[in-house]
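*Asks:* sequence first, then the predicted structure, then my questions.
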Amino acid sequence: MTKHTDKPSSAWISHVLPFVAWIFFMQVMGDPAGWKYAVRSGICLIVFLALKPWKWSYPPFQWKNLLSATLIGIFVFLFWVAPQTDFAARFEGFHRGYLTVGIQMPWSLSSPLVQVRYAPDTDGWFFALTRLAGSALVISFIEEFFWRGWMTRWVEKENFLKVDPGAVSTKSIWIASLLFASIHDQWIAGLLCGLVYGFYYKKTRDIWAVGYAHAITNGLLGAYVLWSGKFEFWA
């Protein structure tokens, strides 16, 4: 593992650049399509693996966290989809309110859904499954090193490497979670997701467990999208 005496700027770049690259290619490539998502995932995976943000004093995955990370991933997935299910529609006031203020906020980086994105019928199963794999295995870990590994600690101190993940403040977790929520259409679910992952990282100090939980959430969400046909969750 790299020591704290190494240049903080190098650590900053290795945490931030993969996520910035993801956002950059998402904007530059324009309207979504299966092949574009595959290209973006491939490029950003190469950047992520080349920069190796995990080399900056992160311990390996702690197997004792396997069960809790799995349960957290499942919980976040259920919360993400539950307000937009037919069951939730039975509670008309709550359902209408959530659909009014809980999704498609003006500051979202995503555009309104105008077509069925990544559907097997339009893009083919290869690109549909590539979309699922990229979401579960690439962006989930890129985001965790950015939002939890870097952002939450950087809010505490510019040289974030000197901040113990277990000592980050509730304020820092909230700031990072609000920013995380702002780039998701389902921003209320995104906020809860950020808070859960943030406090879980504070408790475990295990970035890999948080990344695994995020991968479980995204993987289940992708499977749900392909099963239900509700491709708006992939907007």
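*Replies:* Sure, I can see it. Numbering: from 1, shown residues only.
*Asks:* and residue 72, what element?
*Replies:* For residue 72, the host element (DSSP states H and E) is helix 66-81.
*Asks:* for that helix, packing partners?
*Replies:* helix 187-204, helix 207-228 (3 or more CB pairs under 8 Å, 6 or more residues apart in numbering; DSSP states H and E). All C-beta spots, glycine's among them, are computed from the backbone N, C-alpha and C.
*Asks:* what residues of the longest one count as buried?
*Replies:* Within helix 207-228, the residues that qualify as buried are 207-222, 224-226, counting by 16 or more other CB atoms under 10 Å.
*Asks:* need the helices for the protein, in chain order.
*Replies:* 8-28, 34-51, 66-81, 86-89, 92-101, 120-123, 125-133, 140-143, 152-156, 170-182, 187-204, 207-228 (DSSP state H).
*Asks:* and the pLDDT for residue 147?
*Replies:* pLDDT, residue 147: 98.
*Asks:* equivalent analysis for the one 10 residues further on, please.
*Replies:* Residue 157 carries a pLDDT score of 93 in this model.
*Asks:* pLDDT-wise, which helix or strand of this structure ranks last?
*Replies:* helix 92-101 (a mean of 66; mean pLDDT, DSSP states H and E).
*Asks:* chain center to the helix holding residue 72, what's the gap?
*Replies:* Centroid displacement of helix 66-81 relative to its chain, using CA atoms, centre = their mean, to the nearest Å, is 13 Å.
*Asks:* now it and helix 207-228, what's the angle there?
*Replies:* Inter-element angle recorded for helix 66-81 and helix 207-228: 40 degrees (by axes from the mean of the first three to the mean of the last three CA atoms, to 10 degrees).
*Asks:* residues in contact with the closest residue to residue 219 other than its chain neighbours?
*Replies:* Computed as CB to CB, 6 or more residues apart in numbering, the closest residue to residue 219 that is not its neighbour in sequence is residue 136, at 3.8 Å. Residue 136 sits next to 215-216, 218-219, 222 when contact means CB atoms under 8 Å, 6 or more residues apart in numbering.
*Asks:* and for the nearest residue to residue 126 once chain neighbours are set aside, the neighbour number?
*Replies:* Excluding the flanking residues, the one nearest residue 126 by CB to CB, 6+ apart is residue 34, at 7.7 Å. Residues lying near residue 34 (other CB atoms under 10 Å) number 21.
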